[in-house]
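Chemist: Quick check, what structure comes out for this input:
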Amino acid sequence: MKAIIIHHLHQKIAIVLIASALFFSTTILGQCTNGTGTVSAFTPNYSGNIETIQSISAGHFAKVNILPNKYYTFVSSLQNQQSNGYTGFITITNEDGSLVLANGYGSSPLFWQSNSDTGVIRYYIHGSSNCTTSVAQYNYSIVSYNSLCSAPTNLTTTNITNSSATLNWTPPASPPGNGYQYYISQDSTPPLNTDSTPPTGYSLTNSKVINNLNQNTTYRWWVRSSCGTQNSIWVYYGAFTTAATICNQPSNLSISAITGNSALLSWTAPSPTPSDGYQYYFNTTGTTPITQFDTDNTSVTLNNLQPSTTYYYWVKSVCGFNIFSPWLFGGSFTTLNGQFCNVAEYGLYPSATFTPTCTGTAENIAIDAYSGEYSNVAINANTNYTFSSSVATDYITLTSQDGSTLLTNGTTPLSWNSGTNSGIIRYYFHKSVACDSENIERTRSITCNSTASCLPPSNLSSFNVGSSTASISWTAAVSNPSLYDVYFSTSNTAPNAATIPNGSIGTTAATLSSLSVSTTYYFWVRSNCNPLVSSWVSGGSFTTTATPCNVPSNITKTNITSSAAQINWTAASPTPSNGYQFYYSTINTAPIVSTTPSGNATANSTNLSGLVAATTYYIWLRSNCGASQSVWVSGGSFTTLAATCNPPSSLTSSGITSSTAQISWTAASPAPTQYDVYFSTSNTTPTAATTPVGSITGVAANIIDLTAGTTYYFWVRSNCGSSNSAWVYGGSFTTIAQGACIDALYGQYPEQQFTPNCTGSFQTIVTDAYAGEFSFVDVYPNRTYTFSSSVATDFITIGDGNQTMVYTSGITPLTWNSGSVTDVVRFYLHTNSSCGSQNVNRIRSVKCSNTLEVEDNQMESLLLFPNPTTNLLHVTYSTIIDSVFIYNILGQLVAKQNIQAKTGIINLSEVSAGTYFVKVLSGENLKTLKVIKE
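Modeler: Numbers count the residues shown, from 1 in each chain. The predicted structure is shown next:
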C-alpha cells in the first residue's frame, strides 16, 4: 500500500518514512505503531454517524475495512468520560503497521481521505504522542462518509458577560455551503451526530453571539458544519461561565400624596443603576409579592385603590434578563375614607406647592390639568379665594393637607374664605359631584384678595323646592354684614361685582318665588357690608318640580283566586299623564321613591297574576306624571286562595287502648273529598302509589283490631278525587299491653267529653253505647260518682285520662269517690271482667253527689264581671282559683281554663250570645254562677 497524503503533516511524515527506508529498514518504528490489535476488521456503515469499534485501553489498535474515495473521521474518548470531549493520540497505518498514513490527537478529530486505497488499515490509540499506554478504557470510534463535510476546528469563547458570550471557530478547508449549526446547554450531555438532536441555532459565519444567558451560570457548547444534505460531526468546545451581576436594592422607599384612590410611590436608585429599571408591587394582605409591575422611573402613582384600605408595597431592581435584586419592603399606608371627593386617579400635579400672589387677578396653576388630580396650594388666613376650572361643569373640593378634612366643595368657580385656616391645602378637580376623572386638559387657576373686611357667607344650600318656589340658606359671614345679596338665574353664568342682585335680606335664609315649573336654577349669595361687598359664593343649583302629581284613591281588591287578583282604584285629579305605577310584595314594607314598581297601568285597574296560593300580599299605588310621581298610597292587603288539594295538618293520636286508638287532624283548606289513612308497625313513609288502609270524610278516625303493646306509625293525606296531597306524618303511638280492661275495641264514644252536673241524679251520657267502648267524664275532687250500664252484668272500669292507671273497676253500678282526682277520667264498659266486647246498644249513665249550697256559702268573695259581658269575663277570689268551666243551658261544656291564680280573664269571643253557667273550682270549693254573653 502506498502512502496517502491528506495535509502537510502527512507529507512530512511520508518524507521521513522514505528517508528511513533508505538508511535503515522497511519496518517503521517509533511512530506510535506499537501495541496489539483485533483479529477481524470493522466495516463502517458510511452513514455520517459516529460508530464505536471497540472500548479498550490505550496502546492497542483496531482493524478497519476501507473503500476508495471515501472520507473518514477518527474520534477517541475516555469510555467513562465521553462528555469531556475527544482525547488520546491517534495513529492510522497500513494493514501491517509499516506505513503511517495519518496521526493526531483525538481532541481535534483526525480526518482522512482514502482516495484510490482500499483494503484494511490499523487504527491506533495511545495516551500521548510519546506512544504511552494506559489502563484507562478508550472508545475507538469512527465516522465514515461517502462525501466530505468537514467539521470546524479551533473552538473558542470570547466576550463573556453576565448575559451573553461569543462562540468562535475556524472553518474547515472546504467551508460548508449551509454554514454551521451550534448547540448550547447547561447539561454536559453531548448532542447526537444524527438529526435527532435539534440545534440551538445557526450561523453563516464562523462566530455567533449568544444573548439572554443567565448570569453566573456554566454553559457547554458544540458546533458542526452544515453541508446541505449532510452534516459533519459535532465538535465540542468545553464549558464557560457567565459573569455574576451586581444588582443592588433601591433605597429610601416611601409613600406620599395619599388620596382615597391613589398614592405616590417613590425610591432612590441604587449604584450602579439597574439596566432594566424596576419592578414594584402592592397588595392588601402583606403577602410577599409573586407578581409585579414594571417601570423605568424611580416613582410611580398607584391608581384604582379602595378608600379606607390598608396597602403594603415593595420595589426591586431589574439588572438584566432574569436578574433581580431582593424585594425592598416599604411598609404600609391607608387610603383616605372617600366620604367626599378626596380621590385622585391621576395623583398630585404639579408636584410643587403653588403659592398665589393674591393680587385679585386669576393665576394659573396648570394649563394641562386633568379632572381626578389635585394640587397643593399655600394659603393665608382671613383671605378670599376663588378656585376655577376652564371646564364650566367641573366639581372642586378643598381639603386639609393630608386630604382627610373637607374645607368646602362645589361647582366651579368655588369661592371660599380661609378664616383661621393657613398653610397648605389640597385643591381637587373632578368631572362632577360623582368624583369621576377625565384625562382631558383644562386650566386650573386661583384668585385671591387679602382684603378681609367683607367676608362672604358659606355653606349655601337649597330646600323645600316646589313647582314655583324654593328656599335657600347659608352660614353667616365672619364679618357680620348688614345684608346679604341674592342672585339666581336659569343660566350658570357667575355674577360679577357689577351684577345687580335679585334682592337683599338681613337674615341667612330666603324664599325665591314666581319660579317656572320643571326648571333648573343657579344661585349665588354675597355679603353686603355697605359700601364693601364680598365676592359671590355659588350655592349650586336646584330644579323646580312639575305640576302637582296627586295620588289615586279608593283602592280595592277583587276577583281573588289562588294565583291572581284584580286591583281597582279611583283616578287621580288631574289624571296623570303616564298613568299609574303599582307595587306589591309579601312583606309589609312600604316602597320608597326609588323603589322599582312591579308594573304600570293606564286604566283604573290592573290584574296581578302568577301569585302564590294562600299568601298575603300588600299593595301600593302611585300616579306617574312623567317628570315626577306622587307618593305611594297603600291599598292594604289581600290573601290568595289556597291551592287545590292541600294536605291536612296537626296530626295527633289519642284514646289509645290495647287494641284501639283514635287519630285526628286539622282539615285542609279547601276541604278535600275525603282523607286517606295509612298506618303500619314499620316507620316507612308511604309513597303516592301506596294503598291506604282506609278513607274517611271527617277529621278523625278510630283504628281497631290493633295488637297490644305495639308501636304504630301513621300518615294522612287529602284525597281530592282527581289528585291527592302528599302524605303527612303524624308520628307514632303504642297500644297498651294486655291486663286491666282499659282497651276498647270500639274506641271512644261519644267524641264529646261529658260533664255531670252533680245534682245527685243519674244523667245519661249515651243511649247507644257498646261494650268495648269508653267515654271521657269530667270529675271534681272529693265527690262521689256512680257509673252505670243498663245491662246488669256489664263490667265497668274507671281509669285516668291518659290510660296509664285504673282507679276502680267492678260490676255495674260502680261507686267511686274522686278524692284528689280532678280533670277527666275514662269510663269503660265491657261485657265481663274478661274485657269482652259487644256491639249491642245499652245506656251509659253517671251521677255525682254534690252539696252546692255549703260550697257556695264558702265562696262568698267570688266575683265575675262584667256581667253581662261582650268578650272578656274577669274572675277573682280570695284564694287560688284552680279551674273555670263554662256550660251552656244544655249542660254541654263549651270552654275550660286553668287559672292557678287569685284572678283570671276568660275570653268568650268565640262563644255565641246567650246564657251560660260558670263553675269555679278552688281547692275543695266549687261554685256555679250564671253569666250572660251579649
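
Chemist: okay, now the nearest residue to T288 once chain neighbours are set aside: neighbour count?
Modeler: Nearest residue to T288, sequence neighbours excluded (Cβ to Cβ, 6 or more residues apart in numbering): W327, at 6.9 Å. Just so you know, the C-beta spots here come from the backbone N, C-alpha and C atoms, and that holds for glycine as well. A count of nearby residues for W327, using other Cβ atoms under 10 Å, gives 16.

Chemist: W327: what's it in contact with?
Modeler: Contacts for W327 (Cβ atoms under 8 Å, 6 or more residues apart in numbering) come out as Y281, T288, P289, W314, V315, K316.

Chemist: So which elements touch the lengthiest strand in the chain?
Modeler: Secondary structure of the chain per DSSP state E: the longest strand is strand 872-888. Where contact means 3 or more Cβ pairs under 8 Å, 6 or more residues apart in numbering; DSSP states H and E, strand 872-888 is packed against strand 863-865, strand 893-907, strand 914-922.

Chemist: Could you tell me which strands the host helix or strand of Y770 is paired with, and in which direction each runs?
Modeler: Using DSSP states H and E, Y770 falls within strand 763-771. If you go by DSSP bridges, strand 763-771 pairs up with strand 838-849 (antiparallel).

Chemist: Next, the buried residues of the partner strand.
Modeler: Residues of strand 838-849 classed as buried by neighbour count (16 or more other Cβ atoms under 10 Å): Q838, R842, R844, S845, V846, K847, C848.

Chemist: Next: stretch 135-148.
Modeler: Residues Y138, N139, Y140, S141, I142, V143, S144, Y145, L148 are the ones in stretch 135-148 that count as buried (16+ other Cβ under 10 Å).

Chemist: now the nearest residue to L264 once chain neighbours are set aside: how far from Y313?
Modeler: Of all residues not flanking L264 in the chain, A257 sits nearest, at 3.9 Å (Cβ to Cβ, 6+ apart). The spacing between A257 and Y313, counted by Cβ to Cβ, to the nearest Å, is 13 Å.

Chemist: burial count for the residue nearest to L264?
Modeler: Using other Cβ under 10 Å, A257 has 21 neighbouring residues.

Chemist: cool, the one 10 residues further on as well?
Modeler: Counted with other Cβ under 10 Å, the neighbours of W267 add up to 21.

Chemist: what helix or strand does it sit in?
Modeler: strand 263-268.

Chemist: what's in contact with the next helix or strand after that strand?
Modeler: Per DSSP H and E, the first helix or strand lying C-terminal to strand 263-268 is strand 278-283. Strand 278-283 has contacts (Cβ under 8 Å, 6+ apart) with 250, 265, 267, 289, 291-298, 300, 302, 311-318, 324, 327.

Chemist: Report the buried residues of strand 278-283.
Modeler: Y278, Q279, Y280, Y281, F282.

Chemist: so how far is the next helix or strand after that strand off the chain centroid?
Modeler: Per DSSP H and E, the first helix or strand lying C-terminal to strand 278-283 is strand 293-295. For strand 293-295, the separation from the chain centroid amounts to 30 Å (computed by Cα atoms, centre = their mean, to the nearest Å).

Chemist: For strand 293-295, give the mean pLDDT please.
Modeler: The pLDDT scores in strand 293-295 average 90.

Chemist: Okay, the closest residue to V223 other than its chain neighbours and G201: tell me how far apart.
Modeler: Counting by Cβ to Cβ, 6+ apart, Y182 is the residue found nearest to V223 once chain neighbours are left out, at 4.7 Å. Note on Y182: its distance to G201, by Cβ to Cβ, is 6 Å.

Chemist: again, but for F89
Modeler: Distance from F89 to G201, by Cβ to Cβ: 33 Å.

Chemist: again, but for N168
Modeler: Distance of N168 to G201, computed by Cβ to Cβ: 15 Å.

Chemist: With neighbour numbers in mind, choose between those two.
Modeler: Just comparing N168 and G201: by other Cβ under 10 Å the higher neighbour count belongs to N168, 17 against 13.

Chemist: For stretch 874-889, buried residues please.
Modeler: For stretch 874-889, a neighbour-count test (16+ other Cβ under 10 Å) marks V875, Y877, I881, D882, S883, V884, F885, I886, Y887 as buried.

Chemist: Test for you: state the pLDDT assigned to the residue nearest to T288.
Modeler: In this model, W327 carries a pLDDT of 91.

Chemist: before we move on, what about I880?
Modeler: On pLDDT, I880 comes in at 89.

Chemist: I736 now?
Modeler: pLDDT at I736 comes out at 68.

Chemist: sorry, back to before: in TSV: the buried residues of stretch 874-889, plus distance to I567.
Modeler: Output for those, formatted as TSV (distance: Cβ to Cβ, whole Å):
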residue	distance to I567
V875	47
Y877	54
I881	51
D882	53
S883	50
V884	47
F885	49
I886	44
Y887	48
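
Chemist: hmm, which two among those are most spread apart?
Modeler: Y877 and Y887 (18.9 Å; Cβ to Cβ).

Chemist: ok, back up a step: the longest strand of the chain pairs with which strands?
Modeler: Paired neighbours of strand 872-888 in the sheet (DSSP bridges): strand 863-865 (antiparallel), strand 893-907 (antiparallel), strand 914-922 (antiparallel).

Chemist: so the residue nearest to V223 sits right up against P198, yeah?
Modeler: No. Look at Y182 against P198 with Cβ atoms under 8 Å: they stay out of range, at 11.5 Å.

Chemist: So for these two, which residue has more residues nearby?
Modeler: Taking neighbours as other Cβ under 10 Å, Y182 and P198 compare with Y182 leading, 24 against 9.

Chemist: Not including adjacent chain positions, what is the nearest residue to C835?
Modeler: With Cβ to Cβ, 6+ apart as the criterion, C835 has its nearest non-adjacent residue at 4.0 Å, and that residue is C741.

Chemist: residues touching that neighbour, list them.
Modeler: In this structure, C741 makes contact with F795, T797, S809, Y828, H830, S833, C835, judged by Cβ under 8 Å, 6+ apart.

Chemist: swap the cut-off to 6 Å and go again
Modeler: Applying Cβ atoms under 6 Å, 6 or more residues apart in numbering to C741 gives the contacts T797, Y828, H830, C835.

Chemist: quick one: it from G709, how far?
Modeler: If you measure C741 against G709 using Cβ to Cβ, the figure is 16 Å.

Chemist: for S732, same thing?
Modeler: The spacing between S732 and G709, counted by Cβ to Cβ, is 14 Å.

Chemist: for L167, same thing?
Modeler: Using Cβ to Cβ, we find L167 at a distance of 101 Å from G709.

Chemist: Can you pick out the residue with more neighbours from the two?
Modeler: Between L167 and G709, counting by other Cβ under 10 Å, L167 is the more crowded of the two (25 against 12).
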